[in-house]
Structure formats: structure tokens, C-alpha cells
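>>> turn this into a model:
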Amino acid sequence: MDPIQRVSSREVYRNDWMTVREDAIRRPDGSDGIYGVVDKPRYALVIPLDGDRLHLVEQFRYPLGMRRWEFPQGTAPGRADTDPLELAARELREETGLEAGSMTELGVLDVAAGMSSQRGTAYLATDLREGPHEREHEEQDMRTASFSRADFDKMVANGDITDAQSLAAYALLLLHERR
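As a prediction, this is how the structure comes out:
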């Protein structure tokens, strides 16, 4: 049994990428409260690794008002039941033009468990082949580049890479490499 019980739920907002709902809840001590929840479909994140080089994408992140470097990642609005591995391959090709000869699952990530139900799966992509990207209209300002792991580490330390999912996926990669 869940320690927090949902008493009621109402949709506050919806678009093709997310739903916002407000849930009236009851805590274990009997007191009432509310939760605002952002529901988004599962996502896939891909770490494209070519020898010692990591492929990243950079794009303008509107909510932050700045361009940010991150690993290729995304969801499948309208296709929430897409297999995570298939989604990962699609996001890699779409955003970078790369196709992977090998994809290894690294683990599952929760985006922001205190406010969102979104979860994702991180993959390591190797045996990379280049091709044309297939970016969506919203990704028209995106660019891609590869960086040595030493440069990647410097970018993290300097605050050039701050995407929480990318940093968590990189931690999963480091753990994977220790096995």
C-alpha cells in the first residue's frame, strides 16, 4: 500500500508533450495535501562513444534561456509505448545522424521524482556510423560535436554541461566501465 493515497485528480494542462495534473492526497497521518505532477512519456538518452570521444548535441533550452550541451535524448509524443531501445536508436539518428552497431543499456533514470512521473533509459552507443541527421522542426537550432573525455570532464567542471540526465547517464557509464 502506498503511504500517500490519491483522493482525487484533475488535469490542469495538456499538450502533445506533457500533462500537468493536480492530485488531492491523504498522508499516512490522515492529513490532506496536494501534489502538482508533470506527466511525460518515457524517454531515451544515448551516450555515443567513439573510442575516447563523446558525441554531444547543443541546443537552445527555452526554459533556461540559454544554449546547453547534452547527450542526445528525447521522447516519442503520441507513441508512448515505443520500445526504449528503438526510441534510443531513433533519437541518436534524428539528432546526430549517427547509427550504432551496438547499443548497451546502462540503466534507468528518473527526471525529477518530486514533481514528474517521467522516467528514461540510458544507453551506450558504440560502433558508430555517420549519416544525415533527421531533426524535428523544434530542433532546427541544434548542432552536434564530439569531445574527448578529458574535455567533457572540463566542460562539466566549468558548468558548460549541466543537464542532470546527461550527468547521471555519464555516472552510469563510469559504473558500467568498472564492471
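
>>> can you give me the strands for the chain?
Per DSSP state E, the chain has strands spanning 5-14, 19-26, 32-39, 43-50, 53-61, 66-70, 73-75, 99-110, 119-129, 143-148. These are given in chain order.

>>> weakest of the ones you listed in terms of mean pLDDT?
Ranked on mean pLDDT, the bottom entry among the strands of the chain is strand 73-75, at a mean of 91.

>>> and it, what does it pack against?
With contacts taken as 3 or more CB pairs under 8 Å, 6 or more residues apart in numbering; DSSP states H and E, strand 73-75 sits against strand 43-50, helix 84-96. C-betas here are computed from N, CA, C, even on glycine.

>>> tell me which of the ones you listed lies nearest to Ser102.
Ser102 lies closest to strand 43-50 among these, at 10.1 Å (CB to CB).

>>> go through the strands of the chain and pick out the most buried.
The highest mean neighbour count among those, using mean count of other CB atoms under 10 Å, belongs to strand 43-50: a mean of 23.

>>> tabulate the strands of the chain (a markdown table), appending distance to Asp160.
Converted to a markdown table, the strands of the chain look like this (distance: least, CB to CB, whole Å):
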| stretch | distance to Asp160 |
| --- | --- |
| strand 5-14 | 32 |
| strand 19-26 | 31 |
| strand 32-39 | 26 |
| strand 43-50 | 17 |
| strand 53-61 | 9 |
| strand 66-70 | 6 |
| strand 73-75 | 17 |
| strand 99-110 | 21 |
| strand 119-129 | 20 |
| strand 143-148 | 10 |
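
>>> quick one, which of these gets closest to Leu175.
Leu175 sits nearest to strand 99-110 of all the strands of the chain, at 8.0 Å, using CB to CB.

>>> that older thread, right, so of the strands of the chain, which gets closest to Glu86?
Among the strands of the chain, the nearest to Glu86 by CB to CB is strand 43-50 (8.5 Å).

>>> who does the closest one pair up with?
strand 53-61 (antiparallel), strand 73-75 (antiparallel), strand 119-129 (parallel) (DSSP bridges).

>>> measure Glu130 to Gly159 for me?
Using CB to CB, to the nearest Å, one gets 30 Å for the distance from Glu130 to Gly159.
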